[in-house]
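Novice: Next input, structure requested:
(one chain, ligands or ions: 2)
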Amino acid sequence: MDTVQERVNQFLSSTRKMFINGEWVPSNSGKIYETINPANGKVIGKIYEGDKTDVDLAVRAARAAFKGPWSTYSPAQRSRLLNKLADLIEDHVDELTYIETIDFGSIEPLSRHGWVLGAAEHIRYYAGWATKLNGETIELTTGGNVHAFTKREPIGVCGQITSWNFPLLGACWKLAAPLAAGNTVILKPSQQTSLSTLYLGQLIKEAGFPDGVVNIVTGPGGTIGEAITSHPDIDKIAFTGSTSVGKGIMRKAADTLKKITLELGGKSPNIIFADADIEKAVQGAFMGIFMNQGQVCAAGSRVYVERSIYNEITDRLVKMAKNMKVGDPFDPTSEMGPLVSKEQLERVKNYIEIAKKEGGRILVGGQSPSDSNLADGYYLEPTIIADLNENCTAVKEEIFGPVLCILPFDDIDEVIERGNLTEYGLAAGVYTKDVNKVYKIVNELNAGTIWVNGYMNSNSAVPLAGFKQSGVGAEMGYLGIEAYTKTKSVTIDLN
Ligand SMILES: NC(=O)C1=CN([C@@H]2O[C@H](COP(=O)(O)OP(=O)(O)OC[C@H]3O[C@@H](n4cnc5c(N)ncnc54)[C@H](O)[C@@H]3O)[C@@H](O)[C@H]2O)C=CC1
Ligand code: BAL
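Specialist: Ligands and ions are numbered 1, 2, ... in the order given. The predicted structure is shown next:
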């Protein structure tokens, strides 16, 4: 029997093709790109790089499937296929975990439980919704023998663009809801972490989805992403990534008035009051930023601590950061792996340098670990910076790395005002035992998600919808599937 590593090596031994109309095909141009293991900088696989012509083929296949076979599938059949896909993800948990860990760099337990099994769970959640999408009957104000009702219909062909931070779960966020609602999909993974999405393509085929229902086109955002965004026969775009690219997508999508959902950046405040359960608050503040190397849109990257406990909380967080084991993501003792790429490591280090110039005091971290075994990887020590304020770059901008800015505050109105001093509005956290403070924070903080006494407590059933420049529309929950439907009103005159 082959080992997991041997099975994955077999998968990586050939240049990975794109998945279009149920077939594995090379790109029209024949161009290829490489993907790198961020733990050691070595090439782990080669992938065909598509262009606009490949997107055209994928859109044609998706349109044909939407009009043809897929439209004949009942909600229950769609639900069964999604559950079958979730079963297959669970059956292949070892391979997918391995791929996610070598291609992206999350520590193995997080890849397994958070990203792979979480992806299966997410698909099952939306498999349940497939059979529960109803319209409504409407009583007319005019009365009479006229019957009016609405029905929910799928939107059509959806262009789904994902980011590199937890790529498999990200892909399943972009697949499950549209498929449950009866749409077809062109999926474009980030070129930095395409492998797990391509492996997922094999499982989609094995599950028995009709050809063309899911298509995977690989390559850079500048070509594939642009081609998807401007394609006249794509009806909806969903995107996860940087706010700047999200704005460009919104502008482009306007040309054909595509429906859009955007899940963008964040600079989320995590607020700890002196009356909090300190143990819980410290854990939440720590994992809120250092989980996944801080490469999470909702990371709690600004921790505000009430002044009377500021020194205590800071000392505890610094101690935990000093003790955190940064290392090979496959080493079971590692608590944090490498950043996704050299470019990302440099970008994050640049933010740290700017923070120093702007008066920030590095309490811990700020550099790559000294361990020579890690020298070829893109590692960074967990970093905590004090003495900054909301005018400083590191407190304002999304760093997307393991960098925490810690700031003291004196009262609730002040912390709400400072928490809201950001162009983002994705998430926020609050730790307190006082329900009045909870309500005030919930009402006055301008963020789409607020976690109380437990940061990053995410669930497929709860909508994630960024306020301000953190997004448009929602993913997850009922809103996440409603976004993939359109409402048709029907009025029948029975007189
Ligand atoms: N908030 C979030 O969830 C994320 C934020 N980011 C932020 O963005 C920074 C840059 O990371 P990138 O991977 O370069 O993010 P990005 O926003 O450039 O890329 C995200 C996805 O969009 C695609 N894309 C890029 N340009 C496009 C275009 N013009 N049209 C359509 N699609 C396009 C990419 O290929 C990728 O699949 C990170 O350092 C981080 O700060 C990145 C990923 C996720
Ligand atoms: N696989 C993540 C790093 C890269 O290929 O750019």
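
Novice: Trp358 against Thr393, yeah?
Specialist: I think there's a mix-up here, since residue 358 is Glu and not Trp. Yes. At 6.3 Å, Glu358 and Thr393 qualify as touching, with contact defined as Cβ atoms under 8 Å. C-beta here means a position set from N, CA and C on the backbone, and glycine is covered the same way.

Novice: The spatially most central residue of the chain: what secondary structure?
Specialist: In the chain, the C-alpha closest to the average C-alpha coordinate belongs to Gly170, at a distance of 4.6 Å (Cα atoms, centre = their mean). Here Gly170 is helix, with the state taken from DSSP: H, G, I helix; E, B strand; the rest coil.

Novice: List the residues that contact it.
Specialist: Applying Cβ atoms under 8 Å, 6 or more residues apart in numbering to Gly170 gives the contacts 162-163, 189, 240.

Novice: can you rerun that using 10 Å?
Specialist: Going by Cβ atoms under 10 Å, 6 or more residues apart in numbering, Gly170 touches 115, 119, 160-164, 187, 189-190, 193, 196-197, 240-241, 263, 475.

Novice: so which of those residues also contact ligand 2?
Specialist: Counting by Cβ under 6 Å from any ligand atom, the subset of the contacts of Gly170 that neighbours ligand 2 consists of Thr193.

Novice: List buried residues within the contacts of Gly170.
Specialist: Buried subset of the contacts of Gly170 (neighbour count, 16 or more other Cβ atoms under 10 Å): 115, 119, 160-164, 187, 189-190, 193, 196-197, 240-241, 263, 475.

Novice: Just the ones in helices from these, please.
Specialist: Taking DSSP state H, the ones among the buried ones among the contacts of Gly170 that sit in helices are 119, 196-197.

Novice: Which of those residues sits closest to ligand 1?
Specialist: Distances from ligand 1 to these, taken as Cβ to the nearest ligand atom, are shortest for Thr197 (10.1 Å).

Novice: returning to that earlier point: can you tell me which of the buried ones among the contacts of Gly170 are in strands?
Specialist: 160-161, 187, 240, 263 (DSSP state E).

Novice: Quick check: the farthest pair among those residues?
Specialist: The largest distance within those, taken as Cβ to Cβ, falls between Leu187 and Glu263 and amounts to 14.9 Å.

Novice: Residues of the stretch 51-200 of the chain that sit close to ligand 2?
Specialist: Within the stretch 51-200 of the chain, the positions adjacent to ligand 2 are 103, 192-193 by Cβ under 6 Å from any ligand atom.

Novice: One more pass at 8 Å, please.
Specialist: 103-105, 164, 191-193, 195 (Cβ under 8 Å from any ligand atom).

Novice: ranges for the strands of the stretch 351-495 of the chain?
Specialist: 361-364, 383-386, 403-409, 424-425, 427-431, 449-452, 467-468, 471-472, 485-493 (DSSP state E, counting those that start in this stretch).

Novice: which parts of the last one are buried?
Specialist: For strand 485-493, the buried set under the neighbour-count rule, 16+ other Cβ under 10 Å, comprises Thr485.

Novice: what's that strand in contact with?
Specialist: Outside strand 485-493, the residues that reach it (Cβ under 10 Å, 6+ apart) are 133, 135-136, 138, 140, 144-156, 177-178, 180-183, 235-236, 259.

Novice: what about 8 Å?
Specialist: With Cβ under 8 Å, 6+ apart as the contact definition, strand 485-493 has outside contacts at 133, 135, 138, 140, 145-155, 181.

Novice: that older thread, using TSV, please lay out the ones in helices among the buried ones among the contacts of Gly170 together with pLDDT.
Specialist: As requested, those are exported to TSV (pLDDT from 0 to 100):
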residue	pLDDT
Ala119	98
Ser196	98
Thr197	98
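
Novice: Rebuild those as CSV, extending it with distance to Glu482.
Specialist: As requested, these are exported to CSV (distance: Cβ to Cβ, whole Å):
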residue, distance to Glu482
Ala119, 21
Ser196, 28
Thr197, 25
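
Novice: Return the set of residues that bridge with Met18.
Specialist: On the basis of DSSP bridges, Met18 is bridged to Val25.

Novice: how close does it get to Gly221?
Specialist: Using Cβ to Cβ, to the nearest Å, one gets 16 Å for the distance from Met18 to Gly221.

Novice: between these two, which one's more packed in?
Specialist: For the pair Met18 and Gly221, the greater number of neighbours falls to Met18 (28 against 20), based on other Cβ atoms under 10 Å.

Novice: Which residues are in contact with that one?
Specialist: By Cβ under 8 Å, 6+ apart, the contact set of Met18 is 24-27, 48, 50, 54, 58, 215-218.

Novice: ok, and the most crowded of those?
Specialist: When neighbours are taken as other Cβ under 10 Å, the top entry among the contacts of Met18 is Ala58 (33 neighbours).

Novice: what about it, is that helix, strand or coil?
Specialist: Three-state call for Ala58 (three-state DSSP): helix.

Novice: Which pLDDT value belongs to it?
Specialist: We note a pLDDT of 98 for Ala58 in this prediction.

Novice: what sits against it?
Specialist: Listed by Cβ under 8 Å, 6+ apart, the contact set of Ala58 reads 18, 20-21, 186, 215, 217.

Novice: Turn the residues you listed into TSV, including distance to ligand 1 and pLDDT.
Specialist: Shown next, in TSV, are those (distance: Cβ to the nearest ligand atom, whole Å; pLDDT from 0 to 100):
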residue	distance to ligand 1	pLDDT
Met18	14	98
Ile20	18	98
Asn21	22	98
Ile186	12	98
Asn215	15	99
Val217	11	98
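
Novice: what's the most distant pair in the contacts of Met18?
Specialist: Farthest pair in those (Cβ to Cβ) is Pro26 and Asn215. Separation: 14.5 Å.

Novice: Output the set of residues of the stretch 301-450 of the chain in proximity to ligand 2.
Specialist: 340-343.

Novice: and with 5 Å instead?
Specialist: Residues of the stretch 301-450 of the chain found near ligand 2 (Cβ under 5 Å from any ligand atom) are Ser341.

Novice: Which positions in the stretch 301-450 of the chain make contact with ligand 1?
Specialist: Within the stretch 301-450 of the chain, the residues that sit near ligand 1 (Cβ under 5 Å from any ligand atom) are 398, 400.

Novice: I'd like to check which residues are in contact with the residue in the stretch 201-350 of the chain that ligand 2 sits nearest to.
Specialist: Closest contact between the stretch 201-350 of the chain and ligand 2, by Cβ to the nearest ligand atom, is at Ser341 (4.1 Å). By Cβ under 8 Å, 6+ apart, the contact list for Ser341 reads 36, 38, 164, 192, 378.

Novice: Mind listing the residues bridging to Val214?
Specialist: Beta-bridge partners of Val214, as defined by DSSP bridges: Val185.

Novice: circling back to that earlier point, in PyMOL, how would I select just the buried ones from the contacts of strand 485-493?
Specialist: Buried residues within the contacts of strand 485-493, by 16+ other Cβ under 10 Å, are selected in PyMOL with:
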select buried, resi 133+152+153+154+155+181
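
Novice: Mind checking which of the contacts of strand 485-493 are in strands?
Specialist: Of the contacts of strand 485-493, the ones assigned to strands by DSSP E are 138, 146-154.

Novice: now, among these, which is nearest to ligand 1?
Specialist: The closest of the ones in strands among the contacts of strand 485-493, once distances to ligand 1 are taken by Cβ to the nearest ligand atom, is Pro154, at 22.8 Å.

Novice: So which of the contacts of Gly170 would count as near ligand 1 as well?
Specialist: Answer for the contacts of Gly170 near ligand 1 (Cβ under 5 Å from any ligand atom): 161, 163, 190, 241.

Novice: Can you add distance to Ala483 and pLDDT and give those residues back as TSV?
Specialist: Output for those, formatted as TSV (distance: Cβ to Cβ, whole Å; pLDDT from 0 to 100):
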residue	distance to Ala483	pLDDT
Ile161	15	98
Ser163	18	98
Ser190	21	98
Gly241	17	98
